[in-house]
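Asks: predicted model follows, preceded by the sequence.
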Amino acid sequence: MARKTTARVDLLPAQRHALILDVLRDFGAASVQDLADRLDASVSTVRRDLDYLTEQGYLDRTHGGAVIRTVPSARFEPEASISAELAKSQKSLIGAEAARRVKANQSILFDASSTVQAVSRCLFSAQTPITAVTNDLITAGILSQSSRIETIVTGGVVRSGTGTLIGAPGDPFLTTIHVDIAFIGVHAISDQAFTETSLALAAMKRRMIEAAAQVIVVADSSKFGLTSFCDICALSDVDEVITDSGASAGQIDAVRAAGTKCSVVDVVTGQVR
């Protein structure tokens with residue numbers, strides 16, 4: 001393994017966990033010693049991290065190391081704190097590309113997703129004047145700092161361990177609005193459908209899709225090739241997918257074969273194809 005990280009002794013546990021998962025996704029497997037070297041952490045710290053990630057369903061232990069769990073449970077989803085740290089550079093590139101779709105004074109729906117949060121950060125940085133509607137408290141906090149962005153929160157029940165609002169009054173509220181663009185995050189993308197781990201989350205996303213003139217799914221390449229618990233919608237029900245170059249040609253072709261535009265951001269050059 002050629003790649004080496006810089007000093008990381010001050011990392012929070014969620015950041016260490018995300019870095020471990022990113023390494024295992026890149027290489028498939030790693031030894032405890034290699035992970036310790038990469039994180040500039042002690043072997044005992046890495047062993048504790050691996051034990052925790054194994055208990056939570058992220059990976060499987062091997063003799064002297066670990067491998068990524070390639071087929072997780074259909075109800076499995078990463079903790080919000082870990083998800084926010086996973087594939088951060090890819091999400092930033094995807095967010096920047098997605099933000100280019102937005103014009104001044106449009107109305108935009110922001111789903112609850114760490115990749116959608118990356119879109120909101122780019123729009124905040126650009127100070128693009130928009131009307132924003134979201135069921136995500138983190139996204140609302142980002143966008144509401146701008147005097148040029150009117151931020152509307154859907155309301156609802158805060159989903160445990162997250163900043164996501166689900167259920168009433170947000171769910172019925174979404175049936176009464178009509179927006180220009182909805183940015184949607186998904187847990188998994190198969191050859192047939194976008195899927196989620198929760199019925200309530202999937203229902204909120206469907207309401208957002210129905211409310212938007214244009215629907216853009218933003219998802220890093222790790223979401224491809226998996227199937228979660230319940231369907232959100234078919235690939236053909238959205239206008240565009242924006243992802244990164246870690247997705248295979250076959251996965252990208254499956255999206256395009258459904259009649260959906262698929263924009264791929266190169267993780268090295270930042271260029272889009």
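Replies: Right, received. Where do you want to start?

Asks: gap between the helix or strand of the chain with the lowest mean pLDDT and the chain center?
Replies: Scoring the helices and strands of the chain by mean pLDDT, DSSP states H and E places helix 80-83 at the bottom, with a mean of 79. Offset of helix 80-83 from its chain centre (C-alpha atoms, centre = their mean, to the nearest Å): 10 Å.

Asks: any buried residues in that helix, and which?
Replies: 80, 82-83 (16 or more other C-beta atoms under 10 Å). All C-beta atoms are positioned from the backbone trio N, CA, C, and that covers glycine.

Asks: any chance of the residues you listed in CSV, plus distance to residue 249?
Replies: Shown next, in CSV, are the buried residues of helix 80-83 (distance: C-beta to C-beta, whole Å):
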residue, distance to residue 249
80, 32
82, 29
83, 26
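
Asks: quick one on the thing from earlier: CA atoms of the least confident helix or strand of the chain as CSV?
Replies: Extracted as CSV, the C-alpha positions of helix 80-83 are listed here (Å, rounded to 0.1, in the frame of the first residue of the first chain):
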residue,chain,number,x,y,z
ALA,A,80,-24.0,10.0,11.3
SER,A,81,-20.7,11.0,12.8
ILE,A,82,-18.8,8.4,10.8
SER,A,83,-20.8,9.0,7.6
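
Asks: what does that helix rub up against?
Replies: Applying C-beta atoms under 8 Å, 6 or more residues apart in numbering, the external contacts of helix 80-83 come out as 14, 17-18, 21, 77, 114, 161-163.

Asks: same thing but at 6 Å, please
Replies: Under the contact criterion C-beta atoms under 6 Å, 6 or more residues apart in numbering, helix 80-83 has outside partners 14, 17-18, 114, 161-162.

Asks: buried ones among these?
Replies: Using 16+ other C-beta under 10 Å, the buried ones in the contacts of helix 80-83 are 14, 17-18, 114, 162.

Asks: using a markdown table, lay out these together with pLDDT.
Replies: A markdown table is the format used below for those (pLDDT from 0 to 100):
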| residue | pLDDT |
| --- | --- |
| 14 | 86 |
| 17 | 89 |
| 18 | 86 |
| 114 | 95 |
| 162 | 90 |
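
Asks: inside helices: which ones of the residues you listed?
Replies: 14, 17-18, 114 (DSSP state H).

Asks: farthest-separated two in those?
Replies: Greatest spacing in those, by C-beta to C-beta: 17 and 114 (14.2 Å).

Asks: while we're on the most centrally placed residue in the chain, how confident is the model there?
Replies: Nearest residue to the geometric centre of the chain (C-alpha atoms, centre = their mean): residue 115, 4.0 Å. Among the per-residue scores, residue 115 shows a pLDDT of 97.

Asks: please apply the same query to residue 1.
Replies: 46.

Asks: residues touching the residue nearest to the centre of the chain, list them.
Replies: Residue 115 neighbours (C-beta under 6 Å, 6+ apart): 91, 94, 185, 218.

Asks: one more pass at 7 Å, please.
Replies: Counting by C-beta atoms under 7 Å, 6 or more residues apart in numbering, residue 115 touches 91, 94-95, 185, 218-220.

Asks: burial measure for residue 58, as a count.
Replies: 21 (other C-beta atoms under 10 Å).

Asks: now it: how far from residue 82?
Replies: 8 Å (C-beta to C-beta, to the nearest Å).

Asks: residue 14 now?
Replies: For residue 14 relative to residue 82 (C-beta to C-beta), the value is 5 Å.

Asks: still on that earlier bit, which of the buried residues of helix 80-83 lies closest to residue 31?
Replies: residue 82 (21.4 Å).

Asks: coming back round to it: of the contacts of residue 115, which belong to strands?
Replies: Using DSSP state E, the members of the contacts of residue 115 that fall in strands are residue 218.

Asks: in a markdown table: the contacts of residue 115, plus pLDDT and neighbour count.
Replies: Below are those laid out as a markdown table (pLDDT from 0 to 100; neighbours: other C-beta atoms under 10 Å):
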| residue | pLDDT | neighbour count |
| --- | --- | --- |
| 91 | 96 | 26 |
| 94 | 98 | 28 |
| 95 | 98 | 23 |
| 185 | 97 | 26 |
| 218 | 98 | 28 |
| 219 | 97 | 26 |
| 220 | 96 | 25 |
